[in-house]
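Participant: The following block contains a protein sequence and its predicted model.
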Number of protein chains: 2
Amino acid sequence: MPRPIASISGFPEWLPQERLVEQLVLDQLREVFELNGFSPIETRAVEPLSQLLRKGETSKEIYLLSRLQGEAAEEASLDPKRLGLHFDLTVPFARYISENAGKLAFPFKRYQIQKVWRGERPQDGRYREFIQADIDVVGQGELAFHHEVELPLVMARALSALGIPAFKIHVNNRKLVQGICQANGVEDVEEALRILDKLDKIGADQVSEELIKNGISESGAATILKMAQISGDAQTVSAALAEFGVENDLFEEGKNELLALLEEAEKRAPGVVIADLKIARGLDYYTGSVYESFIAGHEDLGSICSGGRYDNLITVGNKTYPGVGLSIGVSRLLARMLGEDLLTASRPTPTAVLVAVNDEATRSESNRIADALRERGIPTDVAPKAAKFGKQIRFADRQGIPYVWFPATEEGEADQVKDIRSGEQTEADLSTWQPEAADLRVRISRPK
Amino acid sequence: MPRPIASISGFPEWLPQERLVEQLVLDQLREVFELNGFSPIETRAVEPLSQLLRKGETSKEIYLLSRLQGEAAEEASLDPKRLGLHFDLTVPFARYISENAGKLAFPFKRYQIQKVWRGERPQDGRYREFIQADIDVVGQGELAFHHEVELPLVMARALSALGIPAFKIHVNNRKLVQGICQANGVEDVEEALRILDKLDKIGADQVSEELIKNGISESGAATILKMAQISGDAQTVSAALAEFGVENDLFEEGKNELLALLEEAEKRAPGVVIADLKIARGLDYYTGSVYESFIAGHEDLGSICSGGRYDNLITVGNKTYPGVGLSIGVSRLLARMLGEDLLTASRPTPTAVLVAVNDEATRSESNRIADALRERGIPTDVAPKAAKFGKQIRFADRQGIPYVWFPATEEGEADQVKDIRSGEQTEADLSTWQPEAADLRVRISRPK
């Protein structure tokens, strides 16, 4: 049961065989994103403090930088130009768009897979460095609703491709919720949503109490809690909402969007996307669809893939750039998948063949053989020592290399290859021999 | 002529079409490293200050971290446990080995491709965040010399695979240099090498003067300078060294190693590796072969790929872990290659096909077509708007997408595909159509 090593709390590292899996997982995400029309960007690790603090709330999680030999004044200053490590990929993306809008074609679809850092208190047991994989679509001035349908479906494909078992993407719509709040005389919708977001943690009674304490009527609080219990497919949601008797534009628009999303999702990824009206997402900047994703049996992970529609996050001069995006927290997800043996590498090393060395004087011949195999795309290593063959085979075995190649020892003899798993040894021609197709490259395998 | 954007000096960023090239370059490096028996690791971005300061000298370049909401005492303290960003991949690799030695098989061959950070003064115009690609082999207690031959040849293959034109890997051997110094009564060899390292900058006269100022005899200084002028193939070096009349073990061992390296390199990568006895590498920890690499016509870049043999860098208890490694400074190299149009992407987006949308009511049908193409590994996007076809084609053109797919508008009609570069439009079957092989995936292309 592999677990990350973390000699500094919160900064996980992997052994090579697990890093291999991580790389293959990132490859798989990139493949799905590129198949679906997204272009890659990467942003610098740092942003000025002024950018990092734009969203509020998260300020406690920021790592600030200072140069070891910098001026003393630099330290301890909260100059807005001071640099800090980014804590997500949304803030840098918004900044990147505002800097490069003139050079991009809109709607602009980008993916971004990078490390982020959060200066959490070490005792929280949380990751302080981890990988996020984000996709966003951003329009110039406007962004069609159909992108709010597209993006969760791309993430559904990505999670399926990784072999994540039994996950569901829960969706809600901020306009729908706001419409219901409005009809019930709730003035501070943000605050109501923030309270509602705690439903799973503190329970309905506590939420109701807090809502009322915030000036919401008893019947208003009851309606909000009733709304929060709605979940399911388009038909269920449609029937449940009819009972609310709400009639305002926000409600209608939100309801129509939510139903359209559920219906198209049901066509393209049956059973994956469900409505869940208690999802509020803590962040103020969402304005339409919001998403959270959970794995059955792994609810303790929290949402593994979240996001939503934002209309006002990115502005340049008097232009707005509405967008919709989702983000996968890759590191936590991967740690769980590895830890539960849901994912593993088909072998612990990229190498498929170890070329044996008959004696140090003929190492050059073994090198020549290895180069010829590499030329044909077969990952190959050469034995580090011209030890007895038994020892060279054990070296391959310990590294998980499936084949050992024995160069001929005499003129006119043929080379031989041993599959060290079956023990089968056969003559082999350097220009044509191939490993089993499944052995050529290390792959993700799913033991369960 | 693409240049990185750097709205914060020293922190380069790329537009998507250049990030695509960067990704393909990193893929290519990874491919070569994995073909040659190297396993991947990734280390956390941070190390304790005590680790970062082990090598000395570089202290001025370190970025220290502090938590925005941390205790005031944390700031401005130089507690050895305080975290800083790593400035290379050697320090973290050494620490990783010492922490995980019990779980690794030796000799351990790893590659590592990651960002590093240096807190340079902004006005230096240097990168403060950049990507390094490192390979190292480390043994337990011992490491055979043949790895000192192997590693520069792997890097030669990596640089060739990237299409780097006319590069040479310059090699020298510390033992050889030390043997010559010893025979000439030079006591502080490190200091002599540090002075010699400035030869290109300050010239022979200044170097001689400095050597003599450091207590080296006039004839000793002359010999060191004469040695520094030796360069070329095994034969040239062998002849030149014979004139020195040095007889000591270090000299003999170093000479034999250097000649063996040159001879094997000439077999496996003719013309790439040359001896260059003025290479000293500033770092104290090299003990055998040392390497630097230059591109003809781009000497101003300095060495693009450097490293050497180190015997005493990694110790755990009373065990030593001798190693040999090389590092490519990817970001500077890539910036030059992109800037001079030596590398580009075959198109500016991963997407090969744009599926047109006849009207918004049939978007779902366009989505179905796109999904079917993706299923067959063809990167596909769907037009963002059911505009006039001319507009949809222009959208594809602006993004560099080579094909536009037109869904049939009537029952019984066939779909059509247009290659928007040639204007050719043909009927297409969703289950069999393929783009030109060269168009399937975006690739690196080399315009020059």
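Facilitator: Received, thanks.
Participant: Grab the nearest non-local neighbour of the closest residue to chain B within the stretch 1-150 of chain A.
Facilitator: Nearest to chain B, among the residues of the stretch 1-150 of chain A, is residue A:37, at 2.9 Å (Cβ to the nearest Cβ). (C-beta placed from N, C-alpha, C; glycine too.) Distances taken as Cβ to Cβ, 6 or more residues apart in numbering or on different chains put residue B:381 closest to residue A:37, at 2.9 Å, once the chain neighbours are dropped.
Participant: Spell out which residues of the stretch 251-400 of chain A are next to chain B.
Facilitator: A:264, A:267-268, A:349-351, A:360, A:363-364, A:367-368, A:371, A:374, A:377-382, A:384-385, A:395, A:398-399 (Cβ under 8 Å from any Cβ of the partner chain).
Participant: Filter those residues down to the ones in helices?
Facilitator: In helices, defined here by DSSP state H, the members of those are A:264, A:267-268, A:363-364, A:367-368, A:371, A:374, A:395, A:398-399.
Participant: Weed out the non-buried ones from those.
Facilitator: By neighbour count, with 16 or more other Cβ atoms under 10 Å in any protein chain shown, those hold A:264, A:268, A:363, A:367, A:371, A:374, A:395, A:399 as buried.
Participant: Make CSV from the residues you listed and add distance to residue A:286 to it.
Facilitator: Shown next, in CSV, are those (distance: Cβ to Cβ, whole Å):
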residue, distance to residue A:286
A:264, 20
A:268, 23
A:363, 62
A:367, 58
A:371, 55
A:374, 50
A:395, 55
A:399, 49
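Participant: and the two most separated of those residues?
Facilitator: Distances among these were taken as Cβ to Cβ; the most separated pair is A:264 and A:363, at 61.5 Å.
Participant: picking that back up, you'd agree the residue of the stretch 1-150 of chain A closest to chain B is in a strand?
Facilitator: No. Checked against DSSP: H, G, I helix; E, B strand; the rest coil, residue A:37 lies outside a strand; its state is coil.
Participant: how much space between it and residue B:14?
Facilitator: 19 Å (Cβ to Cβ, to the nearest Å).
Participant: Residue A:244: what secondary structure?
Facilitator: Residue A:244 falls in the coil class when you classify it by three-state DSSP.
Participant: burial of it, as a residue count?
Facilitator: 17 (other Cβ atoms under 10 Å in any protein chain shown).
Participant: so what strands line up beside the helix or strand encompassing residue A:294?
Facilitator: Using DSSP states H and E, residue A:294 falls within strand A:286-295. Its sheet considered, strand A:286-295 pairs with strand A:167-173 (antiparallel), strand A:305-310 (antiparallel) by DSSP bridges.
Participant: which stretches of the stretch 151-300 of chain A form helices?
Facilitator: A:174-183, A:189-196, A:199-213, A:218-228, A:234-242, A:249-268 (DSSP state H, counting those that start in this stretch).
Participant: would TSV of the ones you listed with distance to residue B:239 and mean pLDDT be doable?
Facilitator: Below are these laid out as TSV (distance: least, Cβ to Cβ, whole Å; pLDDT from 0 to 100):
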stretch	distance to residue B:239	mean pLDDT
helix A:174-183	80	92
helix A:189-196	81	85
helix A:199-213	80	91
helix A:218-228	86	92
helix A:234-242	85	96
helix A:249-268	73	96
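Participant: Need the winner for burial among those helices.
Facilitator: Sort the helices of the stretch 151-300 of chain A by mean neighbour count, taking mean count of other Cβ atoms under 10 Å in any protein chain shown, and helix A:174-183 sits at the top with a mean of 23.
Participant: What is that helix packed up against?
Facilitator: Using 3 or more Cβ pairs under 8 Å, 6 or more residues apart in numbering or on different chains; DSSP states H and E, the elements in contact with helix A:174-183 are helix A:189-196, helix A:218-228, helix A:249-268, strand A:286-295.
Participant: Now do the buried residues in stretch A:301-321.
Facilitator: A:303-311, A:313-314, A:320-321.
Participant: Can you tell me which of the residues you listed is nearest chain B?
Facilitator: residue A:321 (14.0 Å).
Participant: quick one, what contacts the nearest residue in space to residue A:307 that is not next to it in sequence?
Facilitator: Spatial nearest neighbour of residue A:307, chain neighbours left out: residue A:326 (3.5 Å); criterion: Cβ to Cβ, 6+ apart. For residue A:326, the contact set (Cβ atoms under 8 Å, 6 or more residues apart in numbering or on different chains) comprises A:134-135, A:151-152, A:155, A:291, A:305-307.
Participant: can I get these in CSV with distance to residue B:45?
Facilitator: CSV is the format used below for the contacts of residue A:326 (distance: Cβ to Cβ, whole Å):
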residue, distance to residue B:45
A:134, 19
A:135, 24
A:151, 29
A:152, 31
A:155, 26
A:291, 29
A:305, 24
A:306, 24
A:307, 25
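Participant: re the thing from before, out of the ones in helices among the residues of the stretch 251-400 of chain A next to chain B, which is nearest to residue A:102?
Facilitator: Out of those, the member with the shortest distance to residue A:102 (by Cβ to Cβ) is residue A:264, at 33.2 Å.
Participant: Please tell me how far that closest one sits from residue A:67.
Facilitator: According to Cβ to Cβ, residue A:264 and residue A:67 sit 51 Å apart.
Participant: do residue A:426 as well
Facilitator: On the measure of Cβ to Cβ, residue A:426 and residue A:67 end up 61 Å apart.
Participant: The two: which is more packed in?
Facilitator: residue A:67 (21 against 10).
Participant: How about that one: what's its closest non-neighbour residue?
Facilitator: Excluding the flanking residues, the one nearest residue A:67 by Cβ to Cβ, 6+ apart is residue B:119, at 3.7 Å.
Participant: residues contacting the one you found?
Facilitator: By Cβ under 8 Å, 6+ apart, the residues touching residue B:119 are A:65, A:67-70, B:60-63, B:128.
Participant: Name the member of those that has the highest neighbour count.
Facilitator: When neighbours are counted by other Cβ under 10 Å, residue B:63 leads these with 29 neighbours.
Participant: Next one: residue A:299, what pLDDT does it get?
Facilitator: The model reports residue A:299 with a pLDDT of 91.
Participant: By proximity to chain B, which residue of the stretch 201-350 of chain A wins?
Facilitator: Closest point on the stretch 201-350 of chain A to chain B, by Cβ to the nearest Cβ, is residue A:350, at 3.8 Å.
Participant: Tell me if I'm right that that residue and residue A:379 touch.
Facilitator: Yes. Between residue A:350 and residue A:379 there is a contact under Cβ atoms under 8 Å: 4.9 Å.
Participant: where do the contact lists of the two overlap?
Facilitator: Between them, residue A:350 and residue A:379 share the contacting residues A:441, B:34, B:37, judged by Cβ under 8 Å, 6+ apart.
Participant: picking up where we left off before, could I get the strands paired with strand A:286-295 as a markdown table with mean pLDDT and distance to residue B:281?
Facilitator: Compiled in a markdown table, these are given as follows (pLDDT from 0 to 100; distance: least, Cβ to Cβ, whole Å):
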| stretch | mean pLDDT | distance to residue B:281 |
| --- | --- | --- |
| strand A:167-173 | 97 | 51 |
| strand A:305-310 | 96 | 47 |
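Participant: For residue A:285, find the nearest of those strands.
Facilitator: Judging the strands paired with strand A:286-295 by Cβ to Cβ, what sits closest to residue A:285 is strand A:305-310, at 4.7 Å.
Participant: Contacts made by that closest one with the rest, please.
Facilitator: Contacts with strand A:305-310, where a contact means Cβ under 8 Å, 6+ apart, come from A:134, A:148, A:151, A:155, A:159, A:169, A:174, A:281, A:283, A:285-293, A:322-329.
Participant: so how far is the helix or strand that it is followed by from its chain's centroid?
Facilitator: For strand A:305-310, the following helix or strand on the C-terminal side (DSSP H and E) is strand A:315-316. In terms of Cα atoms, centre = their mean, to the nearest Å, the centre of strand A:315-316 is set 27 Å apart from its chain centre.
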